[in-house]
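**Student:** I would like to see how this sequence folds:
(2 chains)
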Protein chains: 2
Amino acid sequence: MKVSEIGEFNLIDRIKSMIGRHGDDVRIGIGDDAALVSFDGSEVLLTTDVLVENVHFTNEIPPHSIGYKSIAVNISDIAAMGGKPKHILVSLSLPENTEIDFVDEMYKGMIDCAKKYNAGIVGGNMSRSSEIVINVTVTGTVEPENLRKRSTASVGDSILVTGSLGGSAAGLLAIEKGIVDQGGYHNNDLIKKHLYPKARIEESRFLAKLGSRAVEDISDSLFLDLSNICLASNVGAVIDVSKIPVALEAKEIKKAIDCNPLNLALSGGEDYELLLTASKEQAKNMIESLMIETGTELSEIGEIVEGSGVRLIDPDGEEFDYEKSGFDHFKGAK
Amino acid sequence: MKVSEIGEFNLIDRIKSMIGRHGDDVRIGIGDDAALVSFDGSEVLLTTDVLVENVHFTNEIPPHSIGYKSIAVNISDIAAMGGKPKHILVSLSLPENTEIDFVDEMYKGMIDCAKKYNAGIVGGNMSRSSEIVINVTVTGTVEPENLRKRSTASVGDSILVTGSLGGSAAGLLAIEKGIVDQGGYHNNDLIKKHLYPKARIEESRFLAKLGSRAVEDISDSLFLDLSNICLASNVGAVIDVSKIPVALEAKEIKKAIDCNPLNLALSGGEDYELLLTASKEQAKNMIESLMIETGTELSEIGEIVEGSGVRLIDPDGEEFDYEKSGFDHFKGAK
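**Tutor:** Numbers count the residues shown, from 1 in each chain, chains lettered A, B, ... in the order given. The predicted model follows:
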């Protein structure tokens, strides 16, 4: 049997059961956005993520952005746990004919992102390969009261999401289709969210203080990442699709390309916004307070229910007919 | 200019100067076998290394060994710092048509290696790629009195090496040339050191107590790794080639293939033995005590001198005429 036949999530489950129980110094192991381990009383978050040429980026993406993004996606995992990033390791595999200028620009992007989030590149490794592979590991710290997991959603919780969704997918479409200055948007604005995602460190830590329960960052897609929360928390979810905050970029790109902005928001992925749950009582306060504190929007999009899986509904409560989709690295569905 | 034109070490230097000064919580940054960082008083070692298909292994290498080795080479970096490994992150990039059996076997190898060194796999990541790339990050702990660096060699120090050298390169040759049961050696014995390297955790910590000074593991080659110590310590080194402990495997393979066992020992790399310096007074005691304590040989092969670079001499003190060689990932020289 091939890897493509069982898919990424099943493969991770398979490996998780092979590895089995962890030692006492492992608070959170495989299956969340980051691991939480203990060193003589200090709790440390550990996460690793990779960008592969022609899978996560093409040669149309500027090297500065590739470098920036390779760090940002990892810092987003630290944000999803309620932590702050500290140290970065960069493992870089490059073809021998890579231009030094490309490497320089990529590192400038990495350094810019590290500085933005007060983290430091402390080590790494370099190797030869036939395609560019950038593997980044980030450590972080988190106070017990700020620590958030996927597995703590409760029936009756509101489901909330920061910022807007579909902006990254719209930017990717704009790059793939070579659209510049169309749809009333300047190209740079249209593709910015794809090239320079924000990691919601400040927002996540502020929302933790206000009572967020389960938290994850949206890397694969709203649909898949909410499914992960449901699976980990042993609950179901109902989303009112009319409440999903569709990014302006996703609406703008429709003027130039035949696409469905809601589809981009629901299954586009790579927005790196926070997906979280909180009690209904807290939700309203969180929406107002987050805007005042950080200027970041927070939208209530649905509710945690008994059962399993994610159901999509119309504003009138009817079943929304939408094909389950999202990005599975091995199945490659989009 | 291309990456291949400036080489791995120069590229790392270039990046190191771009990144600049570290924060106060970074005790050792880029340029040693592992970084040493601090979390609220706990000192933590961090290291990352990658195995790339067709660069570090071919499809002739059993997947169990690939998995085992991907962890062992990182644990060897922890050994070089005098530490103990704790946690492991595995970032795996795989072609979609990879067999699940291959992945299973590889993880069994990883788990076997992790168990052997009392470390736990706590997280990771999975992605699609066109060739197999296994990136491993390992954390570790080290007591201040056991911490060892590359930069602390002193003029007059003896240069010592654990075990024997050239065994891994001999095994690789045996695999590449398809040699089985030749040269009086069973194939499994001949290739074992290449497939299942040992990380010298116990030896490094024991030698630290006996007074080792600069320590590094031999991953690139004796020549290149000793050059690293010289550069970091601002000293030179003289090696008496007749004292280099050439591995039995390197001598045996000569019976089947035209090669120079000393060349394999000097520039083969991937032996993951410890290369260290110590005062001449300590060296004799270390050799005897290490054998008694661990059963591992320790050989005195030369001396740290003023100046720079590595000089090779004959037993009679004459210059040894040997082309500088070793494995530079970008230059690809061997």
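**Student:** A:Leu45: what's it in contact with?
**Tutor:** With contact set as C-beta atoms under 8 Å, 6 or more residues apart in numbering or on different chains, A:Leu45 has these partners: A:Ala34, A:Ala35, A:Leu36, A:Ile78, A:Met81, A:Gly83, A:Val138, A:Thr139, A:Gly140, A:Thr141, A:Val142. Every C-beta, even on glycine, is put in place using the N, C-alpha and C of the backbone.
**Student:** so where does it fall, helix or strand?
**Tutor:** Per DSSP states H and E: A:Leu45 is located in strand A:42-52.
**Student:** which SS state does A:Glu249 fall under?
**Tutor:** Put simply, A:Glu249 is helix when judged by DSSP: H, G, I helix; E, B strand; the rest coil.
**Student:** was I right about it contacting A:Leu172?
**Tutor:** No - with contacts counted by C-beta atoms under 8 Å, A:Glu249 stays clear of A:Leu172, the gap being 10.2 Å.
**Student:** Those two: which has the busier surroundings?
**Tutor:** Neighbours per residue (other C-beta atoms under 10 Å in any protein chain shown) separate A:Glu249 from A:Leu172, with A:Glu249 holding more: 27 against 23.
**Student:** what about the strands in chain A?
**Tutor:** For chain A, applying DSSP state E gives strands covering A:26-28, A:35-39, A:42-52, A:84-94, A:120-128, A:133-141, A:158-162, A:215-217, A:236-240, A:274-278, A:298-305, A:309-313.
**Student:** List of residues touching the first one?
**Tutor:** The one in question is strand A:26-28. For strand A:26-28, the external contacting residues (C-beta under 8 Å, 6+ apart) are A:Ala34, A:Ala35, A:Leu36, A:Val37, A:Ser38, A:Glu43, A:Met81, A:Lys149, B:His87, B:Gly120, B:Val122.
**Student:** How many residues are close by the last one?
**Tutor:** What that stands for is B:Val122. The number of residues packed near B:Val122 is 26, by other C-beta under 10 Å.
**Student:** Next to chain B, which bits of the stretch 101-250 of chain A? Give me the list.
**Tutor:** Taking C-beta under 8 Å from any C-beta of the partner chain as the contact definition, the stretch 101-250 of chain A meets chain B at A:101, A:103-104, A:107-108, A:111, A:120-131, A:133, A:135, A:137, A:139, A:141.
**Student:** Try it again at 6 Å.
**Tutor:** Proximity of the stretch 101-250 of chain A to chain B (C-beta under 6 Å from any C-beta of the partner chain) is limited to residues A:107, A:120-123, A:125-131, A:133, A:135, A:137.
**Student:** from these, which is closest to B:Asp157?
**Tutor:** The shortest approach to B:Asp157 among these belongs to A:Gly123, at 25.8 Å (C-beta to C-beta).
**Student:** What residue, apart from its backbone neighbours, is nearest that closest one spatially?
**Tutor:** Nearest residue to A:Gly123, sequence neighbours excluded (C-beta to C-beta, 6 or more residues apart in numbering or on different chains): B:Ala35, at 3.8 Å.
**Student:** Can you report how many residues neighbour the one you found?
**Tutor:** There are 28 residues near B:Ala35, going by other C-beta under 10 Å.
**Student:** what separates it from A:Asn135, distance-wise?
**Tutor:** Separation of B:Ala35 from A:Asn135 (C-beta to C-beta, to the nearest Å): 15 Å.
**Student:** Over to A:Ile75?
**Tutor:** Counting by C-beta to C-beta, the gap from A:Ile75 to A:Asn135 is 15 Å.
**Student:** tell me the contacts of the closest residue to A:Asp40 other than its chain neighbours?
**Tutor:** In space, and not counting its chain neighbours, A:Asp40 is closest to B:Ser42: 4.8 Å by C-beta to C-beta, 6+ apart. Residues in contact with B:Ser42 (C-beta atoms under 6 Å, 6 or more residues apart in numbering or on different chains) are A:Phe39, A:Asp40, A:Ser42.
**Student:** mind running it again at 8 Å?
**Tutor:** Applying C-beta under 8 Å, 6+ apart to B:Ser42 gives the contacts A:Phe39, A:Asp40, A:Gly41, A:Ser42, A:Val44, B:Thr141.
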